[in-house]
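In: need a structure here:
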Amino acid sequence: VVRAWTSLPNNNIDTSTFNDSASAVLRLGAPNGLAVSNIMTTSATVSWNGLPTSNYRVIYGLTGFNPQFAGTVVPVTGNTVTISPLLGNTGYDVYLVGDCGGSAFSDTAGPEPFRTPCTIYGSPFSESFDGSFWTPRTGIDPCWSTVPAAGTTWSWEPRSTGPTSGNGPLNDHTGGNFMYCEASISGTLPDAELLSPPIDVSNLNTPALYFFQHRYSGATIADMSIEVSNDFGTTWNNEYTITGDLQTSSSDPWELEFVNLAAYTGDTIIIKFKQKFNGCCGDAAIDSVVVDEAPTCPWPGGLSISG
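Out: Numbers count the residues shown, from 1 in each chain. Purely as a prediction, here's the structure:
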């Protein structure tokens, strides 16, 4: 707010303003272009377009806070500032006012919401999909992600019981939830993807992925692959592929799988489970995902009995 006083009251030169009354009040309005970028686990950059003032106050706090009574106030000269420390995997709101001096301020801009990413997980790492965030159909831990979103027509989604179609597993492996791809529609749809949070495997001599899976459709389930990224999702490498049914009935036990991740020793990785869609048969399920040391003695493979 800018206050203006008359310069010639009663046609005389004004020599004092303390006893003048305001002849006009001009509102500066709110700063525009408020944005949050470079969002990290513990910090974020706030920027905006300038007003006819160089001083501002950035106010931030947890999602839904009232900036009149709460929040952290950061005085700023200029039109950008980095706010920290922040908490990982946490929602925040940011507000901004111009500080015109003399207890005069612009209108308030905001809230501008943002969420910090998850803290990088250490290893050994495990996920059973049984925690409070994981609820049937749509509820997933915010540090994991699904594409398409869980609960849509074709996606990875949590389940606590077997599907009514008779496909897939009869029961959960760990006593809570498992992740499942339901395929009971026709057409052409993209792959269903389930992405882990970043996992630091630098303290493992030879990192490896272990998980239980159940694949039963009474027909031929489309391929599932596992891809790994060590550059936070910029590029992906295929490390595992399976084709077709693994079990012969819903009541068959889950099978433990092992994927050697020695190529990622010393890295931070994201793991992607990618199930293809083929119109009828995508009834793939996984549970109890673990990243830990690879076995010192390699697992046997290709076991068969003949004669």
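In: can you read off the pLDDT for residue 3?
Out: We have a pLDDT of 49 for residue 3.
In: make 139 the first number, not 1, from now on.
Out: With 139 as the first residue, the last one maps to residue 141.
In: kindly provide the distance from residue 381 to residue 422.
Out: 11 Å (CB to CB, to the nearest Å). For the C-beta atoms, the positions are set from N, CA and C on the backbone; glycine is no exception.
In: what sits in contact with each of those two?
Out: Residues touching both residue 381 and residue 422 (CB atoms under 8 Å, 6 or more residues apart in numbering) are residue 359.
In: give me the pLDDT value at residue 257.
Out: pLDDT at residue 257 comes out at 87.
In: doesn't residue 226 make contact with it?
Out: Yes - with contact defined as CB atoms under 8 Å, residue 257 reaches residue 226; the gap is 3.7 Å.
In: residues bridging contact with these two, i.e. touching both?
Out: With contacts taken as CB under 8 Å, 6+ apart, residue 257 and residue 226 have residue 179 as neighbours in common.
In: neighbour count winner among residue 381 and residue 422?
Out: Counted by other CB atoms under 10 Å, residue 381 and residue 422 do not tie: residue 422 has more neighbours, with 29 against 13.
In: can I assume that one is in contact with residue 362?
Out: Yes - using CB under 8 Å as the test, residue 422 is close enough to residue 362 to be in contact (5.2 Å).
In: please enumerate the shared neighbours of the two.
Out: Joint contacts of residue 422 and residue 362 (CB under 8 Å, 6+ apart) are 351, 353, 413.
In: which residues are in contact with residue 177?
Out: 252-255.
In: switch the cut-off to 6 Å
Out: residue 252 (CB atoms under 6 Å, 6 or more residues apart in numbering).
In: now do the helix or strand residue 397 falls within, average pLDDT.
Out: Using DSSP states H and E, the element containing residue 397 is strand 393-398. In this model, strand 393-398 has a mean pLDDT of 96.
In: just checking, what packs against the helix or strand just after it?
Out: Sequence order places strand 406-413 as the next helix or strand after strand 393-398, per DSSP H and E. Using 3 or more CB pairs under 6 Å, 6 or more residues apart in numbering; DSSP states H and E as the contact test, the elements touching strand 406-413 are strand 330-333, strand 362-367.
In: low-confidence stretches in the chain?
Out: Applying pLDDT under 70 to the chain picks out residues 139-166, 190-191, 289, 302, 321-325, 417-420, 436-445.
In: can you give me phi and psi for residue 291?
Out: phi -60, psi -40 (degrees, to the nearest 10).
In: what's the answer for residue 239, then?
Out: Dihedral pair for residue 239: phi 80, psi 160, per degrees, to the nearest 10.
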